[in-house]
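Chemist: Generate a structure from the sequence data that follows.
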Amino acid sequence: MPNMRGDGMRGLAVFISDIRNCKSREAELRRINKELTNIRQRFRTDKTLDGYQKKKYVCKLLFIFLLGHDIDFGYMEAVNLLSSNKYTEKQIGYLFISVIMNNSTEMKQLIIQNIRNDLQSRNPIFINLALQCVANIGEKEMATAFTNDIPRLLISGDTIDPVKQSAALCLLRLHRTSSDALQMNTEWTGRIIHLLNDQHLGVATAAVSLIEALVKRNPEEYKGCVNLAVSRLSRIVTSSYTDFQDYTYYFVPAPWLCVKLLRVLQNYPPPDDPSIRSRLNECLDTILNKAQEPLKSKKVQHSNARNAVLFEAINLIIHMDCESTLLVRACNQLGQFLQNRETNLRYLALESMCLLATSEFSHDAVKKHQETSERDVSVRQRAVDLLYAMCDRSNAQDIVQEMLTYLETADYTIREEMVLKIAILGEKYAIDYKWYLDIMLKLIRIAGDFVSEEVIYDRAEKGKVWYRVIQVVVNRSDVQSYGAKIAFEALQALACHENMVKVTGYILGEYGNLIALDPRSIPMIQFELLHSKYHLCSPTTRCLLLSTYMKFVNLFPEIKQHIQEVLRHESNFRSSDVEIQQRSIEYLKLSEVCTPTVLATVLEVMPPYPEKVSPLLVRLKQKKPLMDGSLSGAGGDESTAAVDGLNHESTHTETHKTNEQLTSSHAINLNQHTVQQQQQNGLLVSLDNESSTDENNYSLASILSNSSAPITSNNFYKQSSLDQQQSSFYPKPNSVPSTLGSKKLLFKTSDVIFENDLLQIGAKLETQKNICRCELYFGNKTDINMTSFSPSLALTGELIQQAFILELRVDAEQIKSTIEPKTQTKQMLTIECLKEFRDIPKMNLSFFYSNVPQKLEFSFPLYINKFIEKVEMDSNNFFLRWKNLDKPGQECQKIFSAKNPIDHEDCSQKLIGFGWSNLVGIDVNTENFCGAGILHTTGQQIGCLYRLEPNKQTKMYRLSVRASKDTVATRLTELLEDQF
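Modeler: Here you go, the predicted structure:
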């Protein structure tokens, strides 16, 4: 740093002193305005100002700006200071430009030119000033202007170490602020990577920060850094702290460099080279050994630095997930931290142990630390996460019981999360239906006392807690009697939550007769107990109870008169709630006019619910964690295909009705409303309609609409905006601009695949194994007949060279040669996938329009994913198959930027629509997606696995696909990488 003695700028000091001595805001403004007037006058009239005076006045302007006043002059004088050869003047110029950047294009060009001159100079101090200014500004113009100059400084052999440090950090800043404008030359990749071996640890530390950011952007290009990172880490870890005197922090050698190297390695799979992997394992083993050594200092900085390296090493061990010895050692080390008095250390230990619980090698070791008790609420949250993650069949009952006990006194901030986790574990590891019902009813009883109404409504009423209990009871005849008994007993409590009333009301209405012989639960007692809760419930629950009373009329005719009196009561018969009033009137009339035989038919027992995916795991996947990084996924032998104990007849079910629909079906709604299903976006109106065979009866005008009402007349065209347009101009036969979206039908089974002024074509696909049945709908949008209409499907590119018959076999039925105006015709195609294919078919059309021949050709959106069948599996099977698919060509990984805001539900829908399963709870990170599928061809079945990892902070995705046959993973990745 140059000597600045005698450069105190006394005038600036006097001005600052005057400002501080002002007694009021007005006095300060007067002094500032006086100074601004003086400075403006000197800049305009005094042509003899030297560098010192310019620097002094520019400093005053900067001080005034920092006080909150606008500055509209002095920019040119500040830029002129950049050309000075004196350090202090150039420094003030750069400081002013960094703080007050003028948006004038001409001014920016002058600034950029001055910065470039300093970057090309031989003075390292000037170069550093220029680099700091570029980093501070960090705008797109800076990244574009210096995209070549700064990397050259970084890799040049003539550049001194401090300049290299500044250049690396400047590039990192530009990468973070304007990564699109910063175009790094691929020729520099190798030389940037080799900076990891630089003798100067400051350069290596700055370089590894830059490489870590570049690796996340393009991991394939920088994969050569793995070997150098392992080598550098080995030299630091295995050496004594005395060897790094300048970079030793409280007896820990280069802790920041170690942490960054370990983070870089977490972006790649374990090294394939045995020697490199052995060296990396040795480094990790050494780090774990050093953690067992006595502390060299009692100061907290020493333990913090050592633990920072240790936790990052444990994260890398978990990421590699292949060395059982290291995983178990890491788990034991974290177990020691659980006894530490430091709250933050216990928190981090629990967080890392949750990740370890998902590994097959360390799951048993984690279970040894089941006994955890904490006072800090954030640490208790992690303890609950750990209990959930370590739960498996062997300890499920103990953990569920422990969580239920803790739930009664748990902190309000974590009770909401615990309700859902207990419900999932109770269902997932139930080995006996009676135990499951006991747990769920106890959960509802406890949760109803302190869980917020919003949580109860969202989870319980919509099928997440109490509705799931009803599903199990309805679907299992062997527990219906037991379910009715324990529900009746639960309702006898003095303080009974409304959700318990709903469960009991529903179950007794269906199966109350099974416990009616017990003197303690005769029909009248059941009715009186339920009715004693009636006036304390909401209108929705009252509707359900009225339905239960009507069921009692059929089950217990002896109490029919009592029920009729309740239905006639003015509080029901004249209720302000329309639903209650309607049910009371209809049920009363039904009980009076129907014979017992009719009642038995109308009020028969509800049929079993369909078996589908459990909404509980889906809910946990979608739920936003209470704290950043909160783990919500269970580990061990978790299965999302079925509950381990309930997977034979009553697996996870999906809420197929809302609460109102549930109670209505329970009551046999006498005034049913016709519910029209809303069409999917882009679905042909006639695809799923029975009358679609009448080709003259429906049009294609609303293909892209969401109208729920079918169009029943071709007069629709006279009312549509399409005809209004056609009335003003006549379509030119040879001018047929088309509207065709990219990758149609990739996620949907029906859509419009082609449209122009004359023609609209829709397709609906239905696939079973390797056979795809396709319905094509050709709609004539004009007022003139289309004649000699002839469609054909052909293959292009590689498929033709590889012989079409070896890829796909297409069988097409005959189609009418004439399409009348404003009508559509249908053609059925049967497509057989003989082997995996890459290129999609081509659709060729020829017809005559107004006696003019027309030919159209477009890509038919039939992709290989249409022959994928979903596969459900648990975590053990998933990761076992994942590790087996590690041969060259079987895996493809892509990292790409998000084209839209990252939305969890949108990603899930796309992956399911693609044909894969969405295995909830498989991945340790609940924001990630995992799934599986089987690609069916005539010759073989190809297993496919995927893992999609979104990063909302960086707005990036990492997609990994593995398949049992070469090239399949690559093709599936190519189809998906531009869809998120």
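Chemist: can you tell me the helix or strand for the residue nearest to residue 22 when sequence neighbours are not counted?
Modeler: Nearest residue to residue 22 in three dimensions, chain neighbours excluded: residue 28, at 4.2 Å (C-beta to C-beta, 6 or more residues apart in numbering). All C-beta spots, glycine's among them, are computed from the backbone N, C-alpha and C. Assigned by DSSP states H and E, residue 28 belongs to helix 25-45.
Chemist: And the following helix or strand past that helix, what does it pack against?
Modeler: Counting by DSSP H and E, the next helix or strand C-terminal to helix 25-45 is helix 51-66. On a contact count with 3 or more C-beta pairs under 8 Å, 6 or more residues apart in numbering; DSSP states H and E, helix 51-66 meets helix 10-21, helix 25-45, helix 75-81, helix 87-99.
Chemist: angle of the first one against helix 51-66?
Modeler: By that I understand helix 10-21. Helix 10-21 and helix 51-66 meet at an angle of 20 degrees, taking axes from the mean of the first three to the mean of the last three C-alpha atoms, to 10 degrees as the criterion.
Chemist: Pull the contacting residues for residue 818.
Modeler: Counting by C-beta atoms under 8 Å, 6 or more residues apart in numbering, residue 818 makes contact with 785-787, 789.
Chemist: how much space is there between the residue sitting furthest away from the middle of the chain and residue 61?
Modeler: No residue in the chain sits farther from the centre than residue 48, which is 63.9 Å out by C-alpha atoms, centre = their mean. Noted for residue 48: a distance of 20 Å to residue 61, by C-beta to C-beta, to the nearest Å.
Chemist: With residue 911 instead?
Modeler: 57 Å.
Chemist: cool, residue 543 as well?
Modeler: Applying C-beta to C-beta to residue 543 and residue 61 gives a distance of 74 Å.
Chemist: picking up where we left off before, can you put the helices and strands packed on helix 51-66 in a markdown table and add mean pLDDT and distance to residue 752?
Modeler: Shown next, in a markdown table, are the helices and strands packed on helix 51-66 (pLDDT from 0 to 100; distance: least, C-beta to C-beta, whole Å):
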| stretch | mean pLDDT | distance to residue 752 |
| --- | --- | --- |
| helix 10-21 | 90 | 70 |
| helix 25-45 | 91 | 66 |
| helix 75-81 | 89 | 56 |
| helix 87-99 | 90 | 54 |
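Chemist: Are we agreed that residue 752 is in a strand?
Modeler: Yes - the assignment for residue 752, made by DSSP: H, G, I helix; E, B strand; the rest coil, places it in a strand.
Chemist: what's the spacing between it and residue 382?
Modeler: Distance of residue 752 to residue 382, computed by C-beta to C-beta: 50 Å.
Chemist: Show me which of the two is the more surrounded one.
Modeler: Taking other C-beta atoms under 10 Å, residue 752 and residue 382 do not tie; residue 382 has more neighbours (26 against 22).
Chemist: Could you pull up the contacting residues of the more buried one?
Modeler: Contact partners of residue 382, counting by C-beta under 8 Å, 6+ apart, are 347, 350-351, 354, 631.
Chemist: Sheet-wise, list the partners of the helix or strand hosting residue 869 with their directions.
Modeler: Taking DSSP H and E as the definition, residue 869 sits inside strand 868-870. Paired strands of strand 868-870, with direction, are strand 929-936 (antiparallel) (DSSP bridges).
Chemist: and for the strand it pairs with, what are the contacting residues?
Modeler: Residues from elsewhere that reach strand 929-936, judged by C-beta under 8 Å, 6+ apart: 769-770, 833, 836, 864, 867-873, 878, 881, 907-908, 911, 915-919, 922-923, 941-949, 963, 968.
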